[in-house]
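*Asks:* just the structure for this:
(chains A, B, C and D)
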2 protein chains.
Amino acid sequence: MNLKQLSQTLGLSQTTVSRALNGYPEVAEATRQRVQKAAAEYAYRPNTRAKGLATGRAMAVGHVIPVSSRHEMVNPVFADFTAGAGEIYVTHGYDMLISVVPDDAEEQAYRDLATKGSVDGIIMHGPRSTEARISLLQEIGLPFVVHGRASDETDDYDWVDVNNRRAFRRACEHLIDLGHRRIALINGLEVMDFARRRLAGYLEALQAHGIDADPALIRSDEMTEAYGYDSTRQMLARQNPPTAFLSSSVIPTLGIRRAVEEAGLRLARDISVITHDDELSYLRNGGEVPTFTAMRSSVRQAGRLCAERLIAMIRTPGGPAQNTLLEAEFIPGQSTGPAPGGATA
Amino acid sequence: MNLKQLSQTLGLSQTTVSRALNGYPEVAEATRQRVQKAAAEYAYRPNTRAKGLATGRAMAVGHVIPVSSRHEMVNPVFADFTAGAGEIYVTHGYDMLISVVPDDAEEQAYRDLATKGSVDGIIMHGPRSTEARISLLQEIGLPFVVHGRASDETDDYDWVDVNNRRAFRRACEHLIDLGHRRIALINGLEVMDFARRRLAGYLEALQAHGIDADPALIRSDEMTEAYGYDSTRQMLARQNPPTAFLSSSVIPTLGIRRAVEEAGLRLARDISVITHDDELSYLRNGGEVPTFTAMRSSVRQAGRLCAERLIAMIRTPGGPAQNTLLEAEFIPGQSTGPAPGGATA
DNA sequence: TCATTCTTCCAAAGCGCTTTGAACAGAAAC
DNA sequence: GTTTCTGTTCAAAGCGCTTTGGAAGAATGA
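*Replies:* Here you go, the predicted structure:
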C-alpha cells in the first residue's frame, strides 16, 4: 500500500493524506482521524527512499567500524555501543547503517556515505590521538559525533568520552593508598587516544606520590585475553615484580587473573587488580561484591548519548560543539587489597 | 555533483551518462571512456535513494539484532559475524542496515524493514528451535538467510549453520576415548536451537558408549564468564564431580578454567575441557598449541557465507532453498588429557 | 538509388514521496 | 451584496535516478 493507493481509497489527495500523517495543521481534525485510521488499518508505511528523496534526509545514521587490517580485530566494545545507540535511533525513527571498513579505506567510506546521501550523520569510533578523520568529516560537512576524543585535534567537534585520565589516576592512587608501589599498566594500543589518556592518568598518580614509573611495567597492545596473560606472566617472572595491575579492559583482565592464579598467587592478597569496566553485556563484573575492583563506565550508555547528541545535531544544525565527559564510577571489588608486607618500596 | 550536472558538463543526456556508467552496451566506447573519466574526476556518486527509488532496489541488507529484554544482552558473536558479512557487502556495493530491537518487538521490525522498502534482504540471527519469525519472513516475501537453524521448522528456507550436533558428539567422544565418564555440558540458553543440537550430540555420544547422562552435569544459560565459573564451581563441589567439561563458547570456558584452577586443579591433568570456539577476534584461542582443545568454526566466515548467499538470492530470486552446513574443526589443545586414574566409571 | 538495419544518442515518463501555489468553500467584515 | 479572510483541500512540480520508446545518422544490402 503506497500513498497514492491510500489516498484513492480515502477519496482524498496525496497532499492531504501526507499532511494528515505528518502532523501538519492545515488538515481538518476529522479528516486526520479518518486518514490515521485507514493508515493503521492498511499498515501503511511510507517508502523510506521516496521520503528521503523528497525531503533530502536519509533518516539514517552511519557508523564506520574500522577493522584493523593487521589484527583482523573487531573492537569488542562495538556490539554494546551499537546496542545503546540503536535503542535511541529506533525511538526517533532513524535507521543505523554500518560500514565495516578495513582501516586503510576509511576515508573513502566516509566520503561515500556523504556523497551517496545514505546518512544524515555519522558516529566515529576509535579515535587515535592524531586523527585525520576529524578534519575529513568537518570538510564533508555531515554532522558527526566522536565516541572518544583525539587529543591532538585543535578544532572544536562533538564528542562523548569517559574521563580516562581521571579514572586511571584515581585507580592508581587507590592502589598507592593501599601501599602498592610497583604498579603495572596493561593498556590498549598505543595509538588510541584513550590509551594515551589512561597512561597520562597513571603517570600523574605515580608522580604525585613520588614513584618513578618503570617502563618494564607498562604495556600497550590490542586488548585480548592472551595479551593480559602473557604480559602478566612476564612481569611476574621479573626479579622485582609488580604487586598491582591496572587494566584497560575486562578482557585482558581475565588473562591477568589467569596468570596470577597460575603463579600460585591470590588476587587481593598477593596481587591487586583494578580494571576498567565497559560493562560489556557478556562479561559482567557484577554481583553483590563484584569480582574485580573497577572503574566502571557503561559503553552502552555512551552509545545512547552519542546517538542522542547526533540526532539533536541533525535536527538543529549549526550550534556550538558539545562535549560530554563521563566520569567512571569506582566500584570496590574483590581484587584489591593492601600491598603484601614485603613489597619493595 | 549529480547526474544532471555531470551530463550537462559533458554535453550529453542523462540517459547516456547513466548508461555509460552502468555498463550498458548501447554507448560508444569512446563516449563511455569520456564519461567515466569525468565521473572519476568530479567524484560523482549516484544518490542511493534516487537510484533505489528508480530501480526498486535498496542496495541494502538488514540485520535484526534481538536484544534480550530480560538479560540486556547482546550476542557476543554478533560483532564478528557482522564484520564478516560487512566485508562481502562492501565488495558488492550493498549497505548494511542494523535494527537493534528488543526481542518482543522483532516481528514489527521485520515487517517495517519490508514495507518501508529499506532493504532487499534480511539476515536472521539467533534462531530458536521453534521460530515464528521464519514463517513471518516467508510471508513478507523478502529474501532471507538464517544464521543457524530452527529444528522445528518444516518449511524449506535458506540457512548457514555449523554442524553442532556432530561437533559436540565428536568432542564428547574424544573425552570418552580419553577415559572420561562424568562429562559436564555447559550449554547456551535452552530455547536456542544451537543449544538443543549440541545437547543432542552430547547425549548421543554418551548413549553410544553406554553412559547414562546425569542431569546434574547439564547446564543451560546465557553464556557469560560468570555462568561458566558458577556452574563449574558447583559441579566440582559435588561428591561425584565431573572430570571433563564441554563448553558452548569460549566466554564461559574462561569461567570454567577459573573455577578449575581456583579449586587447585589443573587443566588437562585433573580436568579436561573442550570448548566450542567461534574464533571471536578478541578471544583468540590460538598459538602453536592452543590453550583449549576446541571445536572451531569461524563465525566471521559464517557471516561471509550468509552475506554471499543472500546477495545471490537477491540477484536471482526464486531458486530452491540452499543450506550450508559447516563442519567444526577439531583443534587439539592443552586443556585435555586422560581421565585421572581414580575417576569413577 | 532506396530500403533496411545498426549504432548511438536523447526526451520524457516514472519510482513514491513532500511541498508550493492555488482554488474553493463558508464565515466574517464592510 | 460585495469583499476579505480563514480553513480545508488539491493539482502539479520536483527530489535524482533508471528506463522506455523513439529518432537521427551511419552503414549495409539489393
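*Asks:* just want the angle from the host helix or strand of residue A:80 to helix B:78-92.
*Replies:* Per DSSP states H and E: residue A:80 is located in helix A:78-92. For helix A:78-92 against helix B:78-92, the angle by axes from the mean of the first three to the mean of the last three Cα atoms, to 10 degrees is 70 degrees.
*Asks:* what's the following helix or strand after helix A:78-92?
*Replies:* Taking DSSP H and E, what comes next after helix A:78-92 is strand A:95-102.
*Asks:* pLDDT (mean, whole number) over that following strand?
*Replies:* Throughout strand A:95-102, pLDDT has a mean value of 89.
*Asks:* likewise for stretch A:152-159?
*Replies:* Per-residue pLDDT over stretch A:152-159 has a mean of 94.
*Asks:* which residue ranges of chain A form helices?
*Replies:* Secondary structure of chain A, counting by DSSP state H: helices at A:3-10, A:14-21, A:29-41, A:48-55, A:78-92, A:106-115, A:132-140, A:164-177, A:193-208, A:225-236, A:250-262, A:299-315.
*Asks:* so which of those is nearest residue B:238?
*Replies:* Residue B:238 sits nearest to helix A:250-262 of all those, at 22.1 Å, using Cβ to Cβ. Just so you know, the C-beta spots here come from the backbone N, C-alpha and C atoms, and that holds for glycine as well.
*Asks:* check which residues of the closest one are buried.
*Replies:* A:250-262 (16 or more other Cβ atoms under 10 Å in any protein chain shown).
*Asks:* over to stretch A:85-92?
*Replies:* A:85, A:86, A:87, A:88, A:89, A:90.
*Asks:* before we move on, back to that, how distant is the helix holding residue A:80 from the center of its chain?
*Replies:* 11 Å (Cα atoms, centre = their mean, to the nearest Å).
*Asks:* likewise for stretch A:35-43?
*Replies:* On Cα atoms, centre = their mean, the centre of stretch A:35-43 falls 39 Å from the chain's centre.
*Asks:* show me where chain A dips below the pLDDT cut-off.
*Replies:* Applying pLDDT under 70 to chain A flags residues A:70-71, A:342-345.
*Asks:* domains of chain A?
*Replies:* Domains of chain A are assigned by automatic domain parsing as A:1-7+A:14-27+A:44-54, A:60-162+A:299-327, A:164-297.
*Asks:* roughly how far apart are residue A:322 and residue A:146?
*Replies:* Using Cβ to Cβ, to the nearest Å, one obtains 11 Å as the distance from residue A:322 to residue A:146.
*Asks:* looking at these two, which has the bigger crowd around it?
*Replies:* Legend: neighbour count by other Cβ atoms under 10 Å in any protein chain shown for residue A:322 and residue A:146, higher for residue A:146 (25 against 14).
*Asks:* leaving out the residues flanking it, which one is nearest to the more buried one?
*Replies:* Of all residues not flanking residue A:146 in the chain, residue A:159 sits nearest, at 4.2 Å (Cβ to Cβ, 6 or more residues apart in numbering or on different chains).
*Asks:* so what sits against both of residue A:322 and residue A:146?
*Replies:* Contact criterion Cβ atoms under 8 Å, 6 or more residues apart in numbering or on different chains; residues bridging residue A:322 and residue A:146 by contacting each: residue A:158.
*Asks:* near DNA strand C, which residues of chain A?
*Replies:* Residues of chain A lying near DNA strand C by Cβ under 7 Å from any atom of the strand: A:2-4, A:14-15, A:18-19, A:21-22, A:46-47, A:50-51, A:53-55.
*Asks:* at 10 Å instead, please
*Replies:* A:1-7, A:13-22, A:24, A:26, A:44-57 (Cβ under 10 Å from any atom of the strand).
*Asks:* for the buried ones among these, write the corresponding ChimeraX selection.
*Replies:* The command below creates a ChimeraX selection of those among the residues of chain A next to DNA strand C that count as buried (16+ other Cβ under 10 Å):
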select /A:3,6,7,16,17,18,19,20,21,44,45,46,47,48,49,50,51,52,53,57
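*Asks:* dump the helices of chain A into CSV; add distance to DNA strand D as well.
*Replies:* Converted to CSV, those look like this (distance: least, Cβ to the nearest atom of the strand, whole Å):
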stretch, distance to DNA strand D
helix A:3-10, 7
helix A:14-21, 3
helix A:29-41, 4
helix A:48-55, 4
helix A:78-92, 22
helix A:106-115, 9
helix A:132-140, 16
helix A:164-177, 42
helix A:193-208, 36
helix A:225-236, 46
helix A:250-262, 44
helix A:299-315, 18
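*Asks:* among those helices, which is nearest residue B:116?
*Replies:* Taking Cβ to Cβ, helix A:48-55 is the member of the helices of chain A nearest to residue B:116, at 4.6 Å.
*Asks:* show me what the closest one is packed up against.
*Replies:* helix B:48-55 (3 or more Cβ pairs under 8 Å, 6 or more residues apart in numbering or on different chains; DSSP states H and E).
*Asks:* run through who's touching the helix it packs on.
*Replies:* Against helix B:48-55 from outside (Cβ under 8 Å, 6+ apart): A:47-50, A:52-53, A:58, A:116-118, B:58-59, B:95, B:117.
*Asks:* give me the neighbour count for the closest residue to residue A:299 other than its chain neighbours.
*Replies:* Nearest non-adjacent residue to residue A:299, counting by Cβ to Cβ, 6+ apart: residue A:278, 4.1 Å away. By other Cβ under 10 Å, 27 other residues sit near residue A:278.
*Asks:* what does the one 10 residues further on give?
*Replies:* Under the neighbour criterion other Cβ under 10 Å, residue A:288 is assigned a count of 4.
*Asks:* ok, it to DNA strand C distance?
*Replies:* 52 Å (Cβ to the nearest atom of the strand, to the nearest Å).
*Asks:* distance check, that residue against residue A:160.
*Replies:* 30 Å.
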